[in-house]
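Trainee: Return a 3D structure for these sequence lines:
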Amino acid sequence: IMIFDSVKRCWPEDDFNEVLSSFTDGQKVKVSGLKGSSRGFYLTQLRPELRMPIVIVTPDSARAEALHSGLLFLVRSFFPQKSAQQSRILYYPAADSEPYQGVSPHPQISVLRMQALWHLAEGNAEFLVIPIQAPLKIMPPPAVFQRCFKPIDKTFADGPYALAGLLRNYGFTEKDLVTSRGEFSLRGAILDLFSPAEESSVRIEFFGNRIESMRSFDTATQRSFGEVHQFTLLSMRELILTRQEIDNWGEFCKRRWMDIHYHEELVDWTEQLLQTGRFEGYEDFVTSFFQQKGSLFDYLPAEYCLAAEEPLQLEEKQTEFLDLYRKRFEQIHEQKRVALEPEEMFFTWQEIESNQKALRLEFTELLSERQSDERIFEYSFQTARQYNGQVQEIVQDALRLRESGFTTTYVFPTLGKAERLAEIL
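Mentor: Below you'll find the predicted structure:
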C-alpha cells in the first residue's frame, strides 16, 4: 500500500482539479500521451473526485479486456479497504456471435452482460468498460429488465418444481452438480443454483412447498457453509418476452415478410417463441418485439462520465463492422431468409454521441486544433516494456535507470518472484 501511495503522489493533483473545473464549465476534456495501463491509472485517480460512474468505450474487445483487468488490479491496490461490492468494475462484452449467424451469445458472455446490467440497476458501478460493438446494439427499454430478476427469500411458497420452472424460463441449465453460474440441480426437496447476481451458489431445502433453509455452498466441495436470508435470481437470458411482445413479432412478420419463401422459417421460429419464449439468435430481433428502442446508455444513472478511447478509431471500427453487416444482410436477403437490416439492429456512434448529456473525456494520441469547448491535457508516458520472463533484460534496465537517477518500482504477482529479483539486484 505504501508503494502505491508514493506512485499516487507522482501525479499532479492540480490537474484533476482543473479537469473538474473544465467539466463544470461544460467543456470536453482531451487527454493525450497516456499509454497502456497509465490510462487505467489516470481513471482510478479521477474517479474519487468525480463521484459518479465512468464508462469507457474502447475500439475493440482485446483493449476492453486489458483495461478491465488493469482497473481491477489498480483499484484493489489503491483502495484495498473496499470490498468487491463497493468497487464494482464492470465489463459488458460484445456478443461472441455476429448478426445473421442465427446464434445466441455463449452463456459465459451472457453472465457478464447480465451482471453488468444488474449492478447498473443496483446503482453500485464505479467503472463500466465496453468495446464499441456493445453499446451500439439496440436493446429493449430499461423497464423490461425488471422481468429479468427476482428476489427470493423464505416467504417463497410455490415449491421446488415451480422454482425450477422459473430457472428454466430464465435460461438456467439443469445439471447433476452445480459448478458454474447459470446452472441448477433439483434432487427431490433440495434445489441447488448459482445466480449470476450472487458471489456464491445457494442450496435450498424445501418442506412441502415452503422453504425450510437456504445456505451458501462451495461448488468445488459441494459443502454448505453459511445461512442465506435472501438472494437475487438473475436471468441468463437477455430477453424475457411477454405474450404481447410475441404478438408484436407476429404482426411485424405479417408486414415485413409476406413472401412464401419466408413461411417455413417464420412458422418454426414462431412456434419456438410460443413454446419456449425464444429461438436461437432472437436477441437480434429486438425491434420486432418492442416498439420502443433502448440503448445501453439508457441503463446508466442520470450522471456519469463517458470516456472514449481514440475517438477516430471508434468511428472507423463502427463503420467497418456496419459495412460488413450490410454486405451480409444483402447475401441473406438474396437467399430469402428472415433478417433485419443493420440499421434496425444497431445505432451509429454518431447517434449515441448526439444524445449524450454525460461529462465527456477522450483519450487520444491524435490532437487536432483545440476547439472552444475543449480542454487538453498532455502527458509523456512510455509504452510498457514486455520482458516475457527475460530476467537479464530486467536487471540491465534496472541498473541503467538507477545510474540515470530514476527510482523504479516493481510489482510482482508472487513474493517469491519479487525476492528472486531483489537477490539478483
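
Trainee: got the phi/psi numbers for residue 221?
Mentor: Main-chain torsions, residue 221, degrees, to the nearest 10: phi -100, psi -20.

Trainee: Going forward, count from 225.
Mentor: Yes, from this point I'll number from 225; that puts the last item at residue 445.

Trainee: Quickly note the distance from it to residue 455.
Mentor: Distance, residue 445 to residue 455, using CB to CB, to the nearest Å: 20 Å. Placement of C-beta: from N, CA and C, glycine included.

Trainee: do the same with residue 242
Mentor: Residue 242 is 45 Å from residue 455, by CB to CB.

Trainee: And residue 281, by the same measure?
Mentor: From residue 281 across to residue 455, the span is 32 Å (CB to CB).

Trainee: hmm, who's touching stretch 514-524?
Mentor: Identification of contacts with stretch 514-524 by CB atoms under 8 Å, 6 or more residues apart in numbering yields 277, 279, 316, 341, 344-345, 352, 354, 358-366, 368-369, 469, 472, 510-511, 571, 576, 579-580, 582.

Trainee: Any quick ChimeraX command for the buried ones out of the residues you listed?
Mentor: To isolate the buried members of the contacts of stretch 514-524 in ChimeraX, using 16 or more other CB atoms under 10 Å:
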select :277,279,316,341,344,345,352,354,358,359,360,361,362,363,364,366,368,369,469,472,510,511,571,576,582
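
Trainee: helices or strands next to the lengthiest helix in the chain in the packing?
Mentor: Longest helix of the chain, by residue count under DSSP state H: helix 535-558. Helix 535-558 is packed against helix 357-360, helix 573-578, with contacts defined by 3 or more CB pairs under 8 Å, 6 or more residues apart in numbering; DSSP states H and E.

Trainee: One more pass at 6 Å, please.
Mentor: Applying 3 or more CB pairs under 6 Å, 6 or more residues apart in numbering; DSSP states H and E, one finds that helix 535-558 contacts helix 573-578.

Trainee: how far out from the middle of the chain is the helix it packs on?
Mentor: Relative to its chain's centre, helix 573-578 lies at 20 Å (CA atoms, centre = their mean, to the nearest Å).

Trainee: Let's test this: mean pLDDT of that helix, rounded?
Mentor: In this model, helix 573-578 has a mean pLDDT of 86.

Trainee: do stretch 508-525 as well
Mentor: The pLDDT scores in stretch 508-525 average 94.

Trainee: Extract the C-alpha trace of it and format it as PDB.
Mentor: Provided in PDB are the C-alpha atoms of stretch 508-525 (Å, rounded to 0.1, in the frame of the first residue of the first chain):
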ATOM      1  CA  ASP A 508     -31.000  -9.700 -32.900                       C
ATOM      2  CA  PHE A 509     -34.800  -9.100 -33.500                       C
ATOM      3  CA  VAL A 510     -35.400  -6.600 -30.600                       C
ATOM      4  CA  THR A 511     -37.100  -4.000 -32.900                       C
ATOM      5  CA  SER A 512     -39.600  -6.700 -34.000                       C
ATOM      6  CA  PHE A 513     -40.700  -7.300 -30.300                       C
ATOM      7  CA  PHE A 514     -40.600  -3.800 -28.900                       C
ATOM      8  CA  GLN A 515     -42.000  -0.600 -30.300                       C
ATOM      9  CA  GLN A 516     -39.600   1.500 -28.200                       C
ATOM     10  CA  LYS A 517     -35.900   1.200 -28.700                       C
ATOM     11  CA  GLY A 518     -33.300   1.400 -25.900                       C
ATOM     12  CA  SER A 519     -29.500   1.600 -25.700                       C
ATOM     13  CA  LEU A 520     -27.000   0.500 -23.100                       C
ATOM     14  CA  PHE A 521     -26.700   4.200 -22.100                       C
ATOM     15  CA  ASP A 522     -30.400   4.200 -21.000                       C
ATOM     16  CA  TYR A 523     -29.500   1.700 -18.300                       C
ATOM     17  CA  LEU A 524     -26.900   4.200 -16.700                       C
ATOM     18  CA  PRO A 525     -27.700   6.700 -14.000                       C
END
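
Trainee: Between residue 242 and residue 455, tell me which one has more neighbours.
Mentor: For residue 242 and residue 455, the more surrounded residue by other CB atoms under 10 Å is residue 455, and the numbers stand at 21 against 14.

Trainee: Could you tell me whether that one really is in a strand?
Mentor: Yes - membership of residue 455 in a strand is supported by DSSP: H, G, I helix; E, B strand; the rest coil.

Trainee: can you pull the contacts of it?
Mentor: Residue 455 makes contacts with 376, 422, 426, as judged by CB atoms under 6 Å, 6 or more residues apart in numbering.

Trainee: Ok, residue 328 next?
Mentor: Residue 328 touches 504-505, 507, counting by CB under 6 Å, 6+ apart.

Trainee: Next, it: secondary structure please.
Mentor: coil.

Trainee: Over to the one 4 residues further on?
Mentor: Secondary structure state of residue 332, per three-state DSSP, is helix.

Trainee: ok, now the one 10 residues further on?
Mentor: Applying three-state DSSP to residue 342 yields a three-state assignment of helix.

Trainee: quick one: it and residue 458 touch, right?
Mentor: Yes - counting by CB atoms under 6 Å, residue 342 does reach residue 458; the two are 5.4 Å apart.

Trainee: Do you know the pLDDT at the residue positioned nearest the centre of the chain?
Mentor: Residue closest to the average C-alpha location in the chain (CA atoms, centre = their mean): residue 316, at 1.4 Å. The model reports residue 316 with a pLDDT of 96.

Trainee: and it, what does it touch?
Mentor: Taking CB under 6 Å, 6+ apart, one finds 337, 340, 354, 358 in contact with residue 316.

Trainee: The first one belongs to a helix, doesn't it?
Mentor: Yes - for residue 337, which was evaluated using three-state DSSP, the result is membership in a helix.

Trainee: quick one: it from residue 344, how far?
Mentor: Here the criterion is CB to CB. By it, residue 337 lies 11 Å from residue 344.

Trainee: What ranges does the stretch 275-424 of the chain have for its helices?
Mentor: Applying DSSP state H, counting those that start in this stretch to the stretch 275-424 of the chain gives helices spanning 285-302, 331-346, 357-360, 384-393.

Trainee: check contacts around residue 416.
Mentor: 402, 409, 427.

Trainee: From what I see, the last one and residue 448 are in contact.
Mentor: Yes - using CB under 6 Å as the test, residue 427 is close enough to residue 448 to be in contact (5.4 Å).
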